[in-house]
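Q: Sharing a model that was predicted from the sequence below.
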Amino acid sequence: MQKFISPILSSIILALWVSGIAIFSVQNSAPISLKFMAFQSIQMPIGVILAFSVSVGVIISSILLPPLFGIGQTKEHQEDF
């Protein structure tokens with residue numbers, strides 16, 4: 001049952017994030033620039049920055065979560081422990 005619910009739940013969460021970013025970026029269309037120490041980025045709408053941040057977070061978590069939590073191991077490998 002969990003194999004069926006998990007992808008649906010993660011898709012719903014991701015869809016809500018994308019919808020929230022779209023609504024927020026339409027309401028706040030003024031360009032901003034990020035400042036970090038002595039560096040400053042070009043001016044971009046906040047929606048672009050949020051979308052990029054969420055995309056990077058999803059990619060990094062999809063790379064790091066399987067090795068950290070043992071996702072994708074077979075039952076034979078789990079029975080050895």
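A: Okay, I see it.

Q: switch to C-alpha atoms for all contacts and neighbour counts from now on
A: Will do.

Q: Distance check, the residue nearest to Pro31 when sequence neighbours are not counted against Val58.
A: Leaving aside its chain neighbours, Pro31 sits nearest to Pro45 (4.2 Å; criterion: CA to CA, 6 or more residues apart in numbering). As judged by CA to CA, to the nearest Å, Pro45 and Val58 stand 21 Å apart.

Q: ok, now Leu16?
A: Leu16 is 14 Å from Val58, by CA to CA.

Q: all strands in this protein, in order from the N-terminus.
A: Assigned by DSSP state E, the chain shows strands spanning 31-32, 35-36, 39-40, 44-45.

Q: Counting by contacts, list what the longest helix seen in the chain packs against.
A: In the chain, ranked by residue count with DSSP state H as the criterion, the top helix is helix 2-27. If you count contacts as 3 or more CA pairs under 8 Å, 6 or more residues apart in numbering; DSSP states H and E, helix 2-27 packs onto helix 46-69.

Q: what residue ranges in the chain score low on pLDDT?
A: 1-2, 68-81 (pLDDT under 70).

Q: Taking the centroid of it, which residue is nearest it?
A: Per CA atoms, centre = their mean, the C-alpha nearest to the average position across the chain is that of Val58, at 3.0 Å.
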